[in-house]
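1. Curious how this folds, go ahead:
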Amino acid sequence: MSSRFDLQREWEGERQSMKILVTGASGYVGSNLCRALLREGHSVRAFVRPTSDLSWLPHVEDGGPLELAYGDVTDYGSLLAACYGCHVIFHTAALVEPWLPDPSRFFSVNVGGLKNVLQAFKEAKTLQKIIYTSSFFALGPTDGYVADEKQTHHEKFFCTEYEKSKAVADKIALQGASDGVPIIIVYPGVVYGPGKLTAGNVVARMMIERFNGRLPGYIGYGTDKTSFSHVEDVVNGHIAAMHKGRVGERYLLTGENASFVHVFNIAAIITGTRRPWFHIPLWVVEAYGWISVLLARITGTLPLISYPTVNVLRHQWSYSCEKAKVELGYDPRSLKEGLAEILPWLKSLGLITY
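-> Sure thing, here's the model as predicted:
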């Protein structure tokens, strides 16, 4: 059996086809990542829950057969079994919601899942590298400045339980790197673009609300900037991290830093429609969020906007991806380019009209 050193030497020498495990493969980033890895000629094993929606996973015509492995990142036995025979693991699995009735689930999935991946790496001897998908939330807000990979979360406050869980997981990943685990950590911004309309695809969901009249104005005054990342750029950044990333390093896969006012204005220009003519105060949005959470507890349906969402909107989340550009060749598109793609796509699906 080849040692991890031999596998790394082969990897650097030829970039040969590898056996790759993708956790969270049925998710927004995960499904797009599986498709891109197949196109590159790799053998991909998608780790999915038995209840996962597999409709967005690639099929044979997308580049080759996709092997399914059923389990859960919180179930160590199923995860370990899925790791055997694989050379690289992309750990994209995460619970991405602004609010859940049981906040402990964020920690069991986002923290416990990463711990299980790190433990499985030690036992599955063929594994040679982990690419871990963190989040800009793990680095904390950037009120008044633009942050880079040197930033760590100040931990003075957390806007959401999701943010807290990713900050805790970030420490675990960094400790793993210090302990010699060959892990590379990537931090996408607000990911948007065509694909699965999960909670993580927040821009698409906001455009649906905007162009169906349910979001008639700007949310707040919209001057606080957030970093937006097109899903294809994020996926390309993941694969570049596998090929070129330095073990133990962190890479921000962010993009244009812009306000939601700017997002809505660009969308109006692209669609030839009127811009919103008023601002919805954050206290109104927060009240709506509390009502939505109350209804969610009754109906069991997660709300689009909850009060933790408003906490996020009160801060800036601006980051520089210069390191990823230099070391990985990361090349994020502009927000205008990305929206010019996603809006016609939503229209073609009948989800918006303009």
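2. Where does the prediction get shaky in the stretch 51-200 of the chain?
-> For the stretch 51-200 of the chain, the stretches flagged by pLDDT under 70 are 60-64.
3. Let me see the ranges of the helices in it.
-> With DSSP state H, counting those that start in this stretch, the ranges of helices along the stretch 51-200 of the chain come out as 76-83, 104-106, 112-123, 161-178.
4. which ones are touching Thr223?
-> Ser259, Val261 (C-beta atoms under 8 Å, 6 or more residues apart in numbering). In this view, the C-beta of every residue, glycine as well, is placed from N, C-alpha and C.
5. now the helices of the stretch 51-200 of the chain as CSV including distance to Met206 and mean neighbour count?
-> Shown next, in CSV, are those (distance: least, C-beta to C-beta, whole Å; neighbours: other C-beta atoms under 10 Å):
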stretch, distance to Met206, mean neighbour count
helix 76-83, 34, 19
helix 104-106, 22, 17
helix 112-123, 28, 20
helix 161-178, 18, 20
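6. Format those helices as TSV; extra columns: distance to Ser320.
-> TSV is the format used below for those (distance: least, C-beta to C-beta, whole Å):
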stretch	distance to Ser320
helix 76-83	34
helix 104-106	27
helix 112-123	25
helix 161-178	18
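7. Any idea which of these gets closest to Phe137?
-> Smallest distance to Phe137 across the helices of the stretch 51-200 of the chain (C-beta to C-beta): 4.1 Å, for helix 161-178.
8. and the angle from that closest one to helix 112-123?
-> Following axes from the mean of the first three to the mean of the last three C-alpha atoms, to 10 degrees, one obtains 20 degrees for the angle between helix 161-178 and helix 112-123.
9. Give me the helices and strands touching helix 161-178, please.
-> Of the remaining helices and strands, those touching helix 161-178 by 3 or more C-beta pairs under 8 Å, 6 or more residues apart in numbering; DSSP states H and E are helix 104-106, helix 112-123, strand 183-188.
10. now for the ones you listed, which one comes closest to Gly30?
-> Taking the helices and strands packed on helix 161-178 one by one with C-beta to C-beta, strand 183-188 is closest: 12.0 Å.
11. Same question for that closest one: list its buried residues.
-> Ile183, Ile184, Ile185, Val186, Tyr187, Pro188 (16 or more other C-beta atoms under 10 Å).
12. shouldn't the fifth one be in contact with Glu249?
-> No. In this structure, Tyr187 is not within contact of Glu249 by C-beta atoms under 8 Å, at 11.3 Å.
13. so what sits against both of the two?
-> Shared contacts of Tyr187 and Glu249 (C-beta under 8 Å, 6+ apart): Glu149.
14. hmm, back to that, turn the helices and strands packed on helix 161-178 into TSV, columns for distance to Val146.
-> Output for the helices and strands packed on helix 161-178, formatted as TSV (distance: least, C-beta to C-beta, whole Å):
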stretch	distance to Val146
helix 104-106	27
helix 112-123	27
strand 183-188	14
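15. can you tell me which of those comes nearest to Val284?
-> helix 104-106 (27.0 Å).
16. to the chain's geometric centre, what's the distance from the closest one?
-> How far helix 104-106 lies from its chain's middle: 17 Å, per C-alpha atoms, centre = their mean, to the nearest Å.
17. do stretch 91-109 as well
-> 13 Å.
18. got the angle for the host helix or strand of Arg35 vs strand 183-188?
-> For Arg35, the enclosing helix or strand under DSSP states H and E is helix 28-39. Angle between the axes of helix 28-39 and strand 183-188 is 120 degrees (criterion: the same axes, to 10 degrees).
19. Name the residues of helix 28-39 that come out as buried.
-> Buried residues in helix 28-39, counting neighbours by 16+ other C-beta under 10 Å, are found at Tyr28, Val29, Gly30, Ser31, Asn32, Leu33, Cys34, Arg35, Ala36, Leu37, Leu38.
20. Not counting sequence-adjacent ones, nearest residue to the second one?
-> To tie it back to what came earlier, the one meant is Val29. If the residues on either side of it in the chain are set aside, Val29 comes closest to Thr92, at 5.2 Å by C-beta to C-beta, 6 or more residues apart in numbering.
21. So for Lys323, what's the nearest residue that isn't a sequence neighbour?
-> Nearest residue to Lys323, sequence neighbours excluded (C-beta to C-beta, 6+ apart): Glu149, at 5.7 Å.
22. Need the pLDDT of the closest residue to Gly237 other than its chain neighbours.
-> Once flanking residues are discounted, Gly237 sits nearest to Leu253: 3.9 Å by C-beta to C-beta, 6+ apart. Note on Leu253: pLDDT of 98.
23. so Leu253 bridges to which residues?
-> Counting by DSSP bridges, Leu253 forms beta bridges with Pro188.
24. who's in contact with it?
-> Neighbour list for Leu253: 186-189, 229, 233-234, 237-238, 321, 324, 330, 332 [criterion: C-beta under 8 Å, 6+ apart].
25. Show me which of the residues you listed is closest to Gly245.
-> For the contacts of Leu253, the nearest to Gly245 is Val186 (7.9 Å; C-beta to C-beta).
26. May I ask which two of the buried residues of strand 183-188 are separated the most?
-> It's Ile183 and Pro188 that sit farthest apart of the buried residues of strand 183-188, by C-beta to C-beta, at 16.3 Å.
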